[in-house]
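>>> here is a sequence together with a model predicted from it:
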Amino acid sequence: MDTPPVLTPAPLSRRGAVGAMGVAVAGVSLGAFFGGHTSRGQGLQDEAPLRAPQLLLQQSMAHWCFAQSEWNWSLERSCEEARAAGCTSVELLSPGLLPVLKPFGLRCALVSLDLKPGLMGFQVGWNNPENWEMLEATTKRSLDAAAEFGAPNVIAFVGVKARSIKEPGQGEFSPEQGAANCVEGLKRIAGYAEKRGVTQCLEMLNSRDGSAPMLGHPGYQGDHLDYCVQILERVASARVKLLFDVYHVQIMDGDVIRRIRQYAPWIAHVHTAGVPGRGELDLNQEVHYPAVARALVAAGYAGFVGHEFLPTRDPVEGLREAVLACAGAPA
């Protein structure tokens with residue numbers, strides 16, 4: 001596979017780096033995240049510039065996480081902070097928003113679908129034939145925009161089990177029927193994606209966490225990696241692949257690094273967030289993201305890592321910490 005470009009994020013203060021996880025910089029471990037004991041500011045000049053490690057993985061940020069929160073970032077603000085943190089992409093934007101990225105020199109690693117107000121993408125997936133006409137039209141629009149803008153991927157969903165999200169009493173699709181419908185539906189659009197040179201990324205989501213909106217998606221049918229990959233194998237298109245969301249994978253399947261190795265040929269995009277709670281990639285959550293990033297590099301992954309966490313504290317600091325944690329360089 002092609003070697004991902006080596007990127008360098010903007011300088012980060014020692015306070016910002018040490019305060020969260022102490023990522024390895026210039027071969028030195030700065031905190032307990034790597035087994036050391038460095039505490040905030042201990043033996044360091046507090047605001048001395050800190051040279052960031054080289055980024056072996058391309059980094060992206062999901063705008064919605066910073067816009068639909070108390071921080072209320074505009075897309076322009078997200079672009080500014082993304083660049084400063086070392087990201088080369090701001091993602092999950094609808095086609096009409098892509099031109100906003102151009103003045104900032106950013107790409108959109110993953111284009112969203114422009115659905116009707118009130119509809120969430122994960123609800124209206126390819127497992128329901130009633131969605132096919134609408135999904136085919138909106139996916140083609142996103143594929144066209146992605147091709148024009150140079151975006152590599154467009155998102156896709158399996159969908160919820162319920163046959164009707166408006167009338168829950170209509171029953172559910174069995175796993176077998178849901179998968180068969182997904183295969184047939186995705187095949188309807190696969191040829192168009194191949195022609196446009198853009199990959200559809202089918203996202204596996206957790207159905208376990210119903211404690212708050214967007215922490216999980218109860219009722220989602222594509223809630224295990226094996227299930228989603230079996231669908232992709234049956235579609236058999238180089239332009240229909242997997243969105244490997246580490247947050248959701250950890251909650252439902254775990255064994256993240258082994259699964260990266262197992263499914264590496266199918267992975268076209270990666271998402272991150274802390275588990276549990278979907279917060280920052282810090283010591284308050286259970287996934288060791290530096291090791292996950294190194295596993296991606298070792299597996300030959302050349303796509304983007306998109307940070308899709310919900311900030312619980314200074315979002316600038318959290319984003320820069322996430323970029324450093326997922327640098328992919330040796331500890």
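Nice, thanks for sending it over.

>>> please name every helix or strand in contact with the biggest helix by length in the chain.
Ranked by residue count and defined by DSSP state H, the top helix of the chain is helix 175-196. For helix 175-196, the packing partners by 3 or more Cβ pairs under 8 Å, 6 or more residues apart in numbering; DSSP states H and E come out as helix 132-149, strand 199-203, helix 225-235, strand 240-245. (Glycine included, C-beta is placed from N, CA and C.)

>>> please redo it, this time with the cut-off set to 6 Å
Here helix 175-196 touches helix 132-149, helix 225-235, going by 3 or more Cβ pairs under 6 Å, 6 or more residues apart in numbering; DSSP states H and E.

>>> need those in a markdown table (columns: distance to residue 70, mean pLDDT and mean neighbour count).
A markdown table is the format used below for the helices and strands packed on helix 175-196 (distance: least, Cβ to Cβ, whole Å; pLDDT from 0 to 100; neighbours: other Cβ atoms under 10 Å):
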| stretch | distance to residue 70 | mean pLDDT | mean neighbour count |
| --- | --- | --- | --- |
| helix 132-149 | 29 | 97 | 19 |
| helix 225-235 | 33 | 98 | 18 |
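
>>> what sits against residue 218?
207, 210 (Cβ atoms under 6 Å, 6 or more residues apart in numbering).

>>> tell me the pLDDT of it.
With respect to pLDDT, residue 218 has a value of 96.

>>> give the helix, strand or coil label for it.
Using DSSP: H, G, I helix; E, B strand; the rest coil, the structure places residue 218 in coil.

>>> need phi/psi at it.
When read as degrees, to the nearest 10, the backbone of residue 218 gives phi -50, psi 130.

>>> any idea how far it is from residue 289?
Residue 218 is 26 Å from residue 289, where distance means Cβ to Cβ, to the nearest Å.

>>> on that earlier part again, mind giving me CSV with the helices and strands packed on helix 175-196 and columns for distance to residue 55?
Compiled in CSV, these are given as follows (distance: least, Cβ to Cβ, whole Å):
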stretch, distance to residue 55
helix 132-149, 22
helix 225-235, 26
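
>>> so how far is residue 325 from the closest residue to residue 114 other than its chain neighbours?
Counting by Cβ to Cβ, 6 or more residues apart in numbering, residue 114 lies nearest to residue 94, which is 4.4 Å off, once chain neighbours are set aside. Using Cβ to Cβ, residue 94 is found at 28 Å from residue 325.

>>> same check, this time on residue 212
Distance from residue 212 to residue 325, by Cβ to Cβ: 24 Å.

>>> comparing these two, which residue is more hemmed in?
residue 325 (26 against 10; other Cβ atoms under 10 Å).

>>> isn't the more buried one right up against residue 289?
Yes: contact status for residue 325 versus residue 289: in contact at 4.2 Å, counting by Cβ atoms under 6 Å.

>>> so what's in contact with the two at the same time?
residue 281.

>>> could you pull out the helices for the stretch 1-150 of the chain?
Along the stretch 1-150 of the chain, counting by DSSP state H, counting those that start in this stretch, helices occupy 14-20, 63-67, 75-85, 132-149.

>>> next, format the ones you listed as CSV and append distance to residue 244.
CSV is the format used below for the helices of the stretch 1-150 of the chain (distance: least, Cβ to Cβ, whole Å):
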stretch, distance to residue 244
helix 14-20, 23
helix 63-67, 18
helix 75-85, 21
helix 132-149, 19
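
>>> now the spatially most central residue of the chain. Nearest residue, chain neighbours left out?
Against the mean C-alpha coordinate of the chain, by Cα atoms, centre = their mean, the closest residue is residue 271 at 2.2 Å. What sits nearest to residue 271 in space, not counting adjacent residues and going by Cβ to Cβ, 6+ apart, is residue 245, at 3.9 Å.

>>> one more: residue 290?
Nearest to residue 290 is residue 325, by Cβ to Cβ, 6+ apart, at 5.6 Å.
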